[in-house]
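Visitor: Here is a sequence together with a model predicted from it:
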Amino acid sequence: MCILLRELRENETELLKDFLYEAIFIPEGVEPPARKIIEQPELKIYYEDFGTGRADHCIVADDEGRVIGAVWTRIMNDYGHVDDETPSFAISLYRQYRGKGIGTKLMKEMLALLKDRGFERASLAVQKANYAVRMYENVGFVTVDENNEEYIMVCEL
């Protein structure tokens, strides 16, 4: 396995739909939702017209020509929204590539890119039961708010 991190190419933006679906946290024993869930307005904001906003950035993990993971940001009114200057994160890897450190590398690469582009912080929302909470903490995110199901986390750049 030879993983290359690179920016998303213009002709690959449709992949964001696949990775958005993969990013949906499904607790143990729960049936996954139908794929059409990503067409709902609160999820379309993650990919619709991607590349048109100043905080629209995407880094993919490429395994010998196959994109197997993605981290992307944009300023949007999503679950992790904290203000109109802070990009929100989305990250996803195909299941068989999880737990190998690829997500951490993607996160660190994106945080460095955002800092280089002049952003002061980034945010995300994560379900409390999601094992990725520890990874987010390890790369510098801290919980700034929470509700019954999710943590709202911010990373100061």
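Guide: Nice, thanks for sending it over. As the structure is a computational prediction, the values presented were derived from the model and not from experiment. Residues are numbered from 1 along each chain as shown.

Visitor: what's the least confident helix or strand in the protein, going by average pLDDT?
Guide: Least confident helix or strand, the chain: helix 41-44 with a mean of 93, by mean pLDDT, DSSP states H and E.

Visitor: And the pLDDT for residue 129?
Guide: Predicted confidence (pLDDT) for residue 129: 89.

Visitor: and it, that one's in a helix?
Guide: No - using DSSP: H, G, I helix; E, B strand; the rest coil, the assignment for residue 129 is coil, not a helix.

Visitor: in the least confident helix or strand of the chain, what's buried?
Guide: By 16 or more other CB atoms under 10 Å, the buried positions in helix 41-44 come out as residue 43. Quick note: C-beta positions are derived from backbone N, CA and C, even for glycine.

Visitor: Not counting it itself, show me its contacts.
Guide: Helix 41-44 is contacted by residues 20, 37-38, 78 when judged by CB atoms under 8 Å, 6 or more residues apart in numbering.

Visitor: cutoff 7 Å now
Guide: 20, 37 (CB atoms under 7 Å, 6 or more residues apart in numbering).

Visitor: do stretch 9-20 as well
Guide: The contact list for stretch 9-20 (CB under 7 Å, 6+ apart) reads 38, 43, 46-47, 50-51, 67, 70, 72, 90, 92.

Visitor: Which members of these define the maximum pairwise distance?
Guide: Longest distance between any two of those is 19.7 Å, between 43 and 67; criterion CB to CB.

Visitor: ok so, going back, please list only the buried members of the contacts of stretch 9-20.
Guide: Using 16+ other CB under 10 Å, the buried members of these are 38, 43, 46-47, 50, 67, 70, 72, 90, 92.

Visitor: Ends of stretch 94-110, what's the gap?
Guide: 18 Å (CA to CA, to the nearest Å).

Visitor: So for that stretch, what gets flagged as buried?
Guide: 94, 97, 102-103, 105-107, 109-110.

Visitor: contact partners of the biggest helix by length in the chain?
Guide: For the chain, the helix with the greatest residue count under DSSP state H is helix 102-116. The contact list for helix 102-116, computed with CB under 7 Å, 6+ apart, reads 3, 5, 57, 59, 61, 69, 71, 73, 87, 91, 93, 122, 135, 138-140, 155, 157.
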